[in-house]
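Engineer: no FASTA, just this:
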Ligand SMILES: Nc1ncnc2c1ncn2[C@@H]1O[C@H](COP(=O)(O)OP(=O)(O)OP(=O)(O)O)[C@@H](O)[C@H]1O
C-alpha cells in the first residue's frame with residue numbers, strides 16, 4: 001500500500017487523492033479542478049491496481065489526446081516499471097476495437113483513417129454523383145453536420161430529422177467511404193458505438209477485455225463518447241475524472257452535462273480533489289472568483305497548496321500593436337530575469353491577434369512559434385513514411401498503397417487510374433486490383449514490371465515486421481524503396497533535404513518512444529498517428545515563446561502566461577454561450593504557475609472596445625497595475 005501513496009520524487013498523496021486511488025467496487029467520479037493532481041491520481045490508481053495483482057492488460061485508461069496518453073503512460077511506467085498497452089485515446093481504443101470487428105459492418109479491417117482532405121474529397125464526389133450542384137453547397141458546413149450527427153447519442157434519430165437532401169448525402173458519403181476502404185475520424189466512435197449497440201458479441205468481448213476503466217478529462221466527452229464509455233463501463237470498475245469548469249469544446253459537441261449524466265446513470269461515489277498544487281494564491285482566488293459566476297456547475301472550493309502569492313497584472317492599450325509590443329518588452333525583461341523561453345506562453349482566442357504579437361516578438365528578435373499550425377503529420381516525407389509502413393502492415397489499405405505506387409518510378413498516373421478502375425469495378429482493394437492487373441497482364445512494359453517490383457518489396461518487408469522495431473522497419477522500408485534518393489529529388493537543395501531527413505528522424509524517435517511506453521504494436525502506432533494527424537499539434541516541441549489559442553492551451557502549464565485580447569465581444573465572444581466563454585477564460589487563467597498578464601486593446605479596427613467584464617469578475621485580487 002505504501003508504494004501507491006508515495007510516487008515519483010517522493011510525492012505524498014493528500015487524503016482525497018488517496019481515497020480516489022484506493023476506492024474499489026463502486027463507480028467513481030473524481031472532480032478535479034486545475035492543478036489538483038488528476039494525472040498523478042490516475043497514474044497512482046493504475047499503479048495501485050497493478051500492485052494489488054491486477055493484470056495490466058485488464059486496465060483501460062482513456063484520454064482525449066495522444067499527448068495526454070503519452071504523459072500518462074510515462075507516469076505509469078515511472079511508477080510501476082510497466083508498459084501499459086491500454087492507456088489510449090478514446091479514438092485509438094475504438095480504432096483497435098474496429099480492426100477486430102468492423103468486418104461485421106461490411107468494412108475492410110485494413111481501413112484507412114481518412115484525413116479531412118481525403119474525406120472532403122469523397123464528400124464532393126458524392127455530391128456530384130447524386131446530381132447536386134457543388135457550388136451551391138458549403139462543403140465545410142456539410143462535413144460539420146455529418147460530424148455533429150455522429151457525435152450524438154442517437155444519430156439515426158438525428159439523421160431522420162434532417163431535411164432533404166442531407167440524409168441522401170450522408171448515406172452516399174458513408175457508402176463511398178466504406179467502398180474505398182476509408183472511415184473518418186468521427187466514424188471511429190460512431191461505428192464502434194454502432195457495433196457495441198447492435199452486436200452483443202462485440203459488446204461481450206469488449207467488456208471481457210477490461211475489468212477497470214478510467215477516463216481522464218471526462219468533461220471533454222460528447223454524447224456518443226459518453227454512450228460508448230457507459231457501454232464499456234457497466235458492471236466494471238469505472239472511474240471518471242473531470243472538471244466541468246474546463247469543458248470548452250462545445251463546437252465539437254462536448255458538454256459538461258456528461259458529468260451530471262454519469263451521476264444519474266451510475267450513482268457514483270464522488271470525490272473532489274480540492275488542493276491545487278499549481279496555482280499560487282492570487283491566481284487561484286481570481287480564477288475561483290471568476291468561475292463562481294457560472295450557475296450550472298459542481299462546486300469545488302479549491303484550496304491553495306502553494307506558499308507563493310503569484311502575480312496578476314491587467315493592462316489596457318490603445319491598439320493591438322501596442323499590446324503586442326508590451327508583450328515583447330515584458331518577455332525581454334522576464335528573460336533577463338532568467339525565465340526560460342519555453343516557460344512563457346501567449347494565449348489568444350484566435351490566430352490573427354496572436355500573429356500581431358508574433359510580429360512584435362520577431363521585431364525584437366525573440367524566437368517564438370505558433371502551436372498547431374502546419375502539422376508535422378502533414379509533411380510530405382512523414383506521410384510517405386507512414387504510407388510505407390502502413391502498406392507493409394495493412395496491404396489492403398488502398399490510400400497507403402496508392403501513395404507508394406505514386407512514389408515508385410515507372411508506375412505512371414495512367415497505370416494508377418487503371419488500377420483504381422479495376423478496384424472499383426471488382427469491388428476489391430487496390431492491392432487485389434494490382435494482383436489482378438499482373439495476373440491478367442492489364443499493364444504492359446515498364447509499368448507492369450515496376451508494379452510487380454513494388455508488391456515484391458512490400459511482401460519482402462512484411463515478415464520483418466515481427467523482427468524489427470517500428471523505427472528499424474522504417475529504415476528497412478526506406479532502403480528497400482530507395483526513399484532517400486526520392487527525398488533528394490523532391491528537396492529544394494541540401495538544407496531542405498537535411499530538414500526533411502530531420503523530420504524522418506523525429507518520426508523514428510516518436511515510434512521508439514511509443515514502443516517504449518506502450519509495447520510493440522505497429523497497427524496501434526499507425527492508428528495513433530492517423531488520429532494525431534487529424535487532431536493536429538506539433539509532437540516535437542522546440543524552444544521559443546509559445547503562441548497558442550485558448551482552446552489549444554487546455555492541459556498545458558507555464559510559469560508565465562500572457563492572456564491577450566481580453567475585451568468584450570472577444571471573450572466573452574458575441575456568439576458564444578456565456579458560461580462556456582467563462583470556462584474558456586478560466587482555462588486560460590489557470591495555465592499560469594507564477595505570473596499572469598491579462599491584456600486588451602481599446603481600439604480595434606476603428607471601434608472602441610471595452611475590457612472584458614470577466615476581468616471585473618475576478619474581483620479584488622487585481623494588483624495596482626490593473627487600474628489602467
Ligand atoms: N499530493 C501532491 N503533492 C505535491 N504535489 C502534487 C501532488 N499531487 C499533484 N502534485 C503536483 O501538482 C502539479 C499538478 O498535477 P497534475 O499535472 O497531475 O494536475 P492536473 O490536475 O492533471 O492538472 P490540469 O488541470 O492541468 O489537468 C504537478 O506538478 C504534480 O506533481
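Structural biologist: Perfect, I can see it now. Everything numeric in this text was worked out from a predicted model, so none of it was measured.
Engineer: Pop the domain breakdown of the chain in here.
Structural biologist: When the chain is parsed with the TED database, its domains come out as 15-86+210-269, 112-185, 284-373+542-618, 377-535.
Engineer: Quick one: name the residues of the stretch 251-400 of the chain near the ligand.
Structural biologist: Within the stretch 251-400 of the chain, the residues that sit near the ligand (CB under 6 Å from any ligand atom) are 277, 278. Any C-beta I mention is one placed from the backbone N, CA and C, and that applies to glycine too.
Engineer: Report the closest residue of the stretch 251-400 of the chain relative to the ligand.
Structural biologist: Nearest residue of the stretch 251-400 of the chain to the ligand (CB to the nearest ligand atom) works out as residue 277 at 3.1 Å.
Engineer: And for the nearest residue to that residue once chain neighbours are set aside, the neighbour number?
Structural biologist: Spatial nearest neighbour of residue 277, chain neighbours left out: residue 305 (4.7 Å); criterion: CB to CB, 6 or more residues apart in numbering. Around residue 305 there are 17 other residues, counting by other CB atoms under 10 Å.
Engineer: Next: residue 168.
Structural biologist: By other CB under 10 Å, 14 other residues sit near residue 168.
Engineer: And for the one 3 residues further on?
Structural biologist: For residue 171, the count of nearby residues is 13 (other CB under 10 Å).
Engineer: so where's the stretch 401-550 of the chain uncertain?
Structural biologist: For the stretch 401-550 of the chain, the stretches flagged by pLDDT under 70 are 536-542.
Engineer: all strands for it, in order.
Structural biologist: Remark: strands assigned in the stretch 401-550 of the chain by DSSP state E, counting those that start in this stretch are 545-549.
Engineer: can you list the residues of the stretch 501-628 of the chain near the ligand?
Structural biologist: 555, 557.
Engineer: Apart from its neighbours in sequence, what residue is nearest the residue of the stretch 501-628 of the chain found nearest the ligand?
Structural biologist: Closest approach between the stretch 501-628 of the chain and the ligand, counting by CB to the nearest ligand atom: residue 555, at 5.3 Å. In space, and not counting its chain neighbours, residue 555 is closest to residue 68: 6.2 Å by CB to CB, 6+ apart.
Engineer: my guess is the one you found contacts residue 216, does it?
Structural biologist: Yes: in this structure residue 68 lies within contact range of residue 216 using CB atoms under 8 Å: 6.3 Å.
Engineer: who has more neighbours, those two?
Structural biologist: Between residue 68 and residue 216, counted using other CB under 10 Å, residue 216 has the larger neighbour count: 28 against 20.
Engineer: Quick check, that one in contact with residue 43.
Structural biologist: No: between residue 216 and residue 43 there is no contact under CB under 8 Å: 10.0 Å.
Engineer: shared neighbours of the two, anything?
Structural biologist: Jointly contacting residue 216 and residue 43 under the rule CB atoms under 8 Å, 6 or more residues apart in numbering are residue 72.
Engineer: what is in contact with residue 68 and residue 216 at once?
Structural biologist: The contact sets of residue 68 and residue 216 overlap at residue 39 (CB under 8 Å, 6+ apart).
Engineer: Now do residue 451 against residue 410, distance only.
Structural biologist: Distance of residue 451 to residue 410, given as CB to CB, to the nearest Å: 8 Å.
Engineer: For stretch 64-79, which outside residues touch it?
Structural biologist: Here stretch 64-79 has contacts from 7-8, 39-40, 42-44, 46-47, 61, 63, 82-84, 87-90, 92, 216-217, 220-221, 513-514, 516-518, 528, 531-532, 535, 537, 555, using CB under 8 Å, 6+ apart.
Engineer: What of stretch 390-403?
Structural biologist: 108-112, 114, 118, 180-182, 383-384, 386-388, 404, 416, 420, 423, 429-432, 434, 458, 461-462, 465, 473, 477, 522-523, 526.
Engineer: can you tell me the distance between the two ends of it?
Structural biologist: End-to-end distance of stretch 390-403 (CA to CA, to the nearest Å): 10 Å.
Engineer: Tell me the first helix or strand C-terminal of the lowest-mean-pLDDT helix or strand in the chain.
Structural biologist: The weakest-scoring helix or strand in the chain, judged by mean pLDDT, DSSP states H and E, is helix 2-5 (a mean of 43). Using DSSP states H and E, the next helix or strand after helix 2-5 towards the C-terminus is helix 15-22.
Engineer: Relative to the whole chain's centre, how far out is that next one?
Structural biologist: Distance, stretch centre to chain centre, for helix 15-22: 28 Å (CA atoms, centre = their mean, to the nearest Å).
Engineer: following that helix, which helix or strand comes up?
Structural biologist: Following helix 15-22 toward the C-terminus (DSSP H and E): strand 28-32.
Engineer: which residues sit in contact with the closest residue in space to residue 379 that isn't next to it in sequence?
Structural biologist: The shortest distance from residue 379 to any non-neighbouring residue, by CB to CB, 6+ apart, is to residue 503 (5.4 Å). Counting by CB under 8 Å, 6+ apart, residue 503 touches 376, 379, 381, 382.
Engineer: one step back: what about the residue of the stretch 501-628 of the chain closest to the ligand, distance to residue 336?
Structural biologist: To residue 336, residue 555 is 29 Å away according to CB to CB.
Engineer: who's more crowded, the two?
Structural biologist: The residue with more neighbours, out of residue 555 and residue 336, is residue 555; 19 against 8, by other CB under 10 Å.
Engineer: any idea how far the more buried one is from residue 263?
Structural biologist: Residue 555 sits 24 Å away from residue 263, going by CB to CB.
Engineer: number of nearby residues for the residue in the stretch 1-150 of the chain that the ligand sits nearest to?
Structural biologist: Proximity to the ligand, evaluated over the stretch 1-150 of the chain using CB to the nearest ligand atom, is greatest for residue 37 at 2.8 Å. For residue 37, the count of nearby residues is 23 (other CB under 10 Å).
Engineer: do the same with residue 226
Structural biologist: Number of residues near residue 226 (other CB under 10 Å) recorded here: 23.
Engineer: ok, it touching residue 153?
Structural biologist: Yes: the pair residue 226 / residue 153 is scored as a contact, 7.1 Å apart, by CB under 8 Å.
Engineer: In the longest helix along the chain, which of the residues would be classed as buried?
Structural biologist: For the chain, the helix with the greatest residue count under DSSP state H is helix 494-518. Using 16 or more other CB atoms under 10 Å as the test for burial, helix 494-518 gives 497, 500, 503-504, 506-508, 510-511, 514-515, 517-518.
Engineer: got a pLDDT number for the most centrally placed residue in the chain?
Structural biologist: Most central in the chain under CA atoms, centre = their mean is residue 65, positioned 3.6 Å from the mean C-alpha point. Note on residue 65: pLDDT of 83.
Engineer: List phi and psi for it.
Structural biologist: When read as degrees, to the nearest 10, the backbone of residue 65 gives phi -140, psi 150.
Engineer: how far away is it from residue 94?
Structural biologist: Residue 65 is 15 Å from residue 94, where distance means CB to CB.
Engineer: what's near enough to touch the spatially closest residue to residue 436 that is not a sequence neighbour?
Structural biologist: Nearest residue to residue 436, sequence neighbours excluded (CB to CB, 6+ apart): residue 422, at 5.7 Å. Counting by CB under 8 Å, 6+ apart, residue 422 touches 428, 433, 436, 437, 442.
Engineer: picking that back up, which pair in the buried residues of helix 494-518 spans the largest distance?
Structural biologist: 497 and 518 (32.0 Å; CB to CB).
Engineer: which element follows the lengthiest strand in the chain toward the C-terminus?
Structural biologist: As assigned by DSSP state E, the longest strand anywhere in the chain is strand 592-601. The first helix or strand that comes after strand 592-601 along the chain, using DSSP H and E, is strand 603-604.
Engineer: and whichever helix or strand comes after that next one, average pLDDT?
Structural biologist: Moving toward the C-terminus from strand 603-604, the first helix or strand encountered (DSSP H and E) is strand 607-608. Across strand 607-608, pLDDT averages out at 86.
Engineer: Provide the contact partners of strand 607-608 at residue level.
Structural biologist: residue 602.
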